[in-house]
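K.L.:
build the 3D model from these lines:
(2 chains)
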Amino acid sequence: MAEALLSVDKLTMRFGGLLAVNAVSFDVRAGDITALIGPNGAGKTTVFNCITGFYKPTGGRIIMRQPEGGELELAGMPGFLINQRAKVARTFQNIRLFAGMTVLENLMVAQHNTVMPNVARGLMAVFGLGNFRQLEEAAIEKARHWLDRVGLTERADEPAGSLPYGAQRRLEIARAMCTDPRILCLDEPAAGLNPRESDELSALLMSIRDDGCAVLLIEHDMGVVMRISDHVIVLDHGVELADGTPTEIKANKHVIAAYLGEEDPEDIVEIVA
Amino acid sequence: MSKALKDAGISALIALGIFGAMVGLPTVVGPGGKLSLDPQPWTVAIIVAVVFFGRLGIVLWQANRKPRVKAKSTTHSKYTVANVAGPLLLAVAVVLPMAGDRYLIDIGILVMTYVMLGWGLNIVVGLAGLLDLGYVAFYAVGAYSYALLAQTFGLGFWTCLPLAGLLAAFWGMLLGFPVLRLRGDYLAIVTLAFGEIIRVVLLNWTQLTGGPNGISGIPRPTLFGLKFTLGDGPDTFAGFFHLTPSITYRVAFLYYVIFGLALLTNWVSNRLRRLPLGRAWEALREDEIACRALGINVTTTKLTAFAIGAGFGGFAGAFFATRQAFISPESFTFIESAIVLAVVVLGGLGSQIGVALAAIVMIGGGEVFRDFNEYRMLIFGVALVVVMVVRPRGLVSGRTPSVSLGRGGHIAADMMSEGHG
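P.N.:
Down below sits the predicted model:
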């Protein structure tokens, strides 16, 4: 088994008296789709927010291994550096696109740090200095690539806010991918999608994984989770309940009990499956 | 080539039409106080020739320039407000001082100052979505920077102008730091306080700023060393060009200085909007959290917006000081911030042409209605309310995409976020 790309070690997040996440540990391996599941309020999004720097965990470590060797501690690192340096990208449960900007512009903003490595270079570009032109053209090329992959080339110049819901979800994934991540974190990407759109999403996520980007996903649609995941982690009330392959999880009594609050696994297996 | 020649020919004809009458047929006062025409065919011929070859050169240069690969920077639909009103306003602005009416030029200078301030504030409020109620502070910093540098070190206007801009930008960053975490109403209140603090400091630091007495005798700008005084020595504008000394030259010169500065502001902000920095500002206005998730350093992005916006405020301030030759804290009260913000909001957040139109309506309109005395502000207020009811997102709303794959158009304002501070 490959070494873990991201190791979450005894992650704890406390909001005042509420213990939202209690000593959760898991690994995300390169080349895997890892799913984080659990009932509402289990602490999944909190774990996400800790990994992507939106919360500073109250305990535990989050280690990202670098391809050139070396490790980065993500706990407490400013959010933008987690994307810029550690190469962790994310999407949001309630879509957060730049609604008033076009689809293409959304993808260009995602490549901000490539096109403008620092403020001085950004200001030099005002006077046409530096290699801004080449960088911008390369960025447009990459944006085109992702537009093709999510099927939005035809709508590239429309404002992102005018896209239908499913397309907005795909655009958000494309935008995250434009930052060249090593781990893509998706917060309920299949929410609100119809079955056909879910299938397209599954195919897209698998193609992203096959390109070598690890995928970490929170999802309630068990069909999607069980079909595409290589590795599933179950949370409930902030504690880790189970960790294993989809088949193992489907058979796990604790998981079934947590999801349905019953002790009789027999007639529940079918529902989870 | 023939298309270029035709284009240049048309431009030359227009130039002939405009300058033929204005430059070619000046009236001179004859010996008996009689007015007579003094035709200047050669001057006109030179101007027309310059326009012809200039236009020809531009057209050929544009044709030979390497075309932008694949993606066009922006696309223009043919008859937008910006495309029609823009050139029209520009043409009027260029020829305005040639009318020679002192009062008109003075109003022009005033309007142009607010256009420039509006464009500067537009970077902060319109693009980055950061509500700034203390913009006048940077105007004041610019004005006092020039006044003090000129008085203490005897520096000239053109040396001090960039310094004033830099100092104002520095203060913009200084303001930026404490307010980085604030949003919306809270940001507005703190920037408002900052504006007041600067004014109160200027009022009370008597040794440096002269307190309420202000600073007088601020030097006027020169044109490559030529002064605009009422003498006719060789170092004055009138003397050098063998003209009758007149105060109008100085006023017209000031007009063109602020006109140039305003155009610079417009050019820089238009250009920035299409660069990653400007795009990041707009993204910040749309959704700050998404920006962070995409690896954009929100702190730097906000600070650059504050600094660049403030820098242009500083330029305008230096100009204000040199134009008035006297400044005091009274010129930098909150009402100035409010007017500039009103210009931006009325014009439409983020819209360059909208801000220019709004400045003309608000400042120019205010002058026109001066005869109504105390009812002036009433009319003014009612007009503002009506405009905001009819066009809640400003006179010219929406935005043009900064980059497109060729099918780009206009994005309606209701799609856009106004920013949350």
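K.L.:
max-length helix in chain A?
P.N.:
Secondary structure of chain A per DSSP state H: the longest helix is helix A:132-149.
K.L.:
what's that helix in contact with?
P.N.:
Helix A:132-149 is contacted by residues A:103-104, A:107-108, A:111, A:114-116, A:121, A:124-125, A:153, A:156, A:174, A:177-178, A:204, A:207, B:69-71, B:275-276, B:403, B:405 when judged by Cβ atoms under 8 Å, 6 or more residues apart in numbering or on different chains. From N, CA and C alone the C-beta is placed, and that goes for glycine too.
K.L.:
how about A:Gly53, secondary structure?
P.N.:
coil (DSSP: H, G, I helix; E, B strand; the rest coil).
K.L.:
how far away is it from B:Asn122?
P.N.:
As judged by Cβ to Cβ, to the nearest Å, A:Gly53 and B:Asn122 stand 32 Å apart.
K.L.:
what about the two, which has more around it?
P.N.:
Per other Cβ atoms under 10 Å in any protein chain shown, whichever of A:Gly53 and B:Asn122 has more neighbours is B:Asn122, with 27 against 23.
K.L.:
looks like the more buried one contacts B:Asn270 (just checking).
P.N.:
No - here B:Asn122 lies out of contact with B:Asn270, judged by Cβ atoms under 8 Å, at a distance of 10.6 Å.
K.L.:
kindly report the domain assignment for the chain.
P.N.:
Reading this off chain A. Listed domain ranges for chain A are A:1-87+A:182-273, A:93-180 (source: automatic domain parsing).
K.L.:
my question was about chain B
P.N.:
Split by automatic domain parsing, chain B gives B:1-65, B:66-83+B:97-415.
K.L.:
worst mean pLDDT among these?
P.N.:
Among the domains of chain B, domain B:1-65 carries the lowest mean pLDDT, a mean of 80.
K.L.:
using CSV, write out the CA atom coordinates for the longest helix of chain A.
P.N.:
Output of helix A:132-149 as CSV, limited to C-alpha atoms (Å, rounded to 0.1, in the frame of the first residue of the first chain):
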residue,chain,number,x,y,z
PHE,A,132,2.6,38.2,-18.1
ARG,A,133,1.4,37.5,-21.7
GLN,A,134,2.8,34.0,-21.9
LEU,A,135,1.6,33.2,-18.4
GLU,A,136,-1.9,34.5,-19.2
GLU,A,137,-2.0,32.5,-22.4
ALA,A,138,-0.9,29.3,-20.6
ALA,A,139,-3.6,30.0,-18.0
ILE,A,140,-6.3,30.3,-20.7
GLU,A,141,-5.1,27.0,-22.2
LYS,A,142,-5.4,25.3,-18.9
ALA,A,143,-8.9,26.8,-18.4
ARG,A,144,-9.9,25.5,-21.8
HIS,A,145,-8.7,22.1,-20.9
TRP,A,146,-10.9,22.0,-17.8
LEU,A,147,-13.8,23.6,-19.6
ASP,A,148,-13.7,20.7,-22.0
ARG,A,149,-13.5,18.1,-19.3
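K.L.:
show me where the chain has strands.
P.N.:
I'll assume chain A. A:4-15, A:18-29, A:33-37, A:59-65, A:71-73, A:88-90, A:183-187, A:214-218, A:231-236, A:239-244 (DSSP state E).
K.L.:
could you do chain B instead?
P.N.:
Counting by DSSP E, the strands of chain B are B:27-29, B:35-37, B:215-216, B:326-327.
K.L.:
which parts of the stretch 1-150 of chain A sit against chain B?
P.N.:
Counting by Cβ under 8 Å from any Cβ of the partner chain, the stretch 1-150 of chain A comes close to chain B at A:52-54, A:79-84, A:89-90, A:92, A:96-102, A:104-105, A:108-110, A:112-113, A:115-116, A:119, A:122-123, A:125-126, A:132, A:136-137, A:140, A:144.
K.L.:
from these, list the buried ones, please.
P.N.:
Neighbour-count burial (16 or more other Cβ atoms under 10 Å in any protein chain shown) applied to the residues of the stretch 1-150 of chain A next to chain B gives A:52-54, A:79-84, A:89-90, A:92, A:96-102, A:104-105, A:108-110, A:112-113, A:115-116, A:122-123, A:125-126, A:132, A:136, A:140, A:144.
K.L.:
before we move on, back to that, which one, of the domains of chain B, ends up nearest to chain A?
P.N.:
domain B:66-83+B:97-415 (3.4 Å; Cβ to the nearest Cβ).
K.L.:
and the domains of chain A, which one's lowest on average pLDDT?
P.N.:
Taking the mean pLDDT of the domains of chain A, domain A:1-87+A:182-273 comes last: a mean of 87.
K.L.:
so how far is that domain off the chain centroid?
P.N.:
A distance of 9 Å separates the centroid of the chain from that of domain A:1-87+A:182-273, by Cα atoms, centre = their mean, to the nearest Å.
K.L.:
so for chain A, the centremost residue is which one?
P.N.:
In chain A, the residue lying closest to the centroid (Cα atoms, centre = their mean) is A:Cys185, at 1.1 Å.
K.L.:
pretty sure A:Phe54 is one of the things that residue touches, is it not?
P.N.:
No - with contact defined as Cβ under 8 Å, A:Cys185 does not reach A:Phe54; the gap is 10.9 Å.
K.L.:
which of the contacts of helix A:132-149 are buried?
P.N.:
Looks like the contacts of helix A:132-149 have A:103-104, A:107-108, A:111, A:114-116, A:121, A:124-125, A:153, A:156, A:174, A:177-178, A:204, B:71, B:275-276, B:403, B:405 buried, using 16+ other Cβ under 10 Å.
K.L.:
please enumerate residues in contact with stretch B:293-306?
P.N.:
A:52, A:79-84, A:89-90, A:92, A:96, A:109-110, A:112-113, A:119, A:122, A:175-176, A:179, B:123-124, B:127-128, B:130, B:132, B:172-173, B:175-177, B:180, B:277, B:280-281, B:283-284, B:288, B:291-292.
K.L.:
which of those residues fall in helices?
P.N.:
Going by DSSP H, the helices hold A:79-84, A:109-110, A:112-113, A:119, A:122, A:175-176, B:172-173, B:175-177, B:277, B:280-281, B:283-284, B:288, B:291-292 from the contacts of stretch B:293-306.
K.L.:
report the contact partners of residue 193.
P.N.:
Since no chain was named, I'll use chain A. Counted by Cβ under 8 Å, 6+ apart, A:Leu193 has contacts A:165-166, A:169, A:201.
K.L.:
switch to chain B, that's the one I care about
P.N.:
B:Gly134.
K.L.:
cool, and B:Thr236?
P.N.:
B:226-229, B:245.
K.L.:
what do you get if the cut-off is 7 Å, keeping everything else the same?
P.N.:
B:226-227, B:229 (Cβ atoms under 7 Å, 6 or more residues apart in numbering or on different chains).
K.L.:
please tabulate those residues in TSV and include distance to chain A and neighbour count as additional columns.
P.N.:
Below are the contacts of B:Thr236 laid out as TSV (distance: Cβ to the nearest Cβ, whole Å; neighbours: other Cβ atoms under 10 Å in any protein chain shown):
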residue	distance to chain A	neighbour count
B:Leu226	29	17
B:Lys227	32	19
B:Thr229	36	17
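K.L.:
okay if I get the residues you listed as TSV plus distance to B:Gln62?
P.N.:
Putting these into TSV (distance: Cβ to Cβ, whole Å) gives the following:
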residue	distance to B:Gln62
B:Leu226	35
B:Lys227	39
B:Thr229	43
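K.L.:
quick one, which of the domains of chain A is nearest to B:Gly217?
P.N.:
B:Gly217 sits nearest to domain A:93-180 of all the domains of chain A, at 35.6 Å, using Cβ to Cβ.
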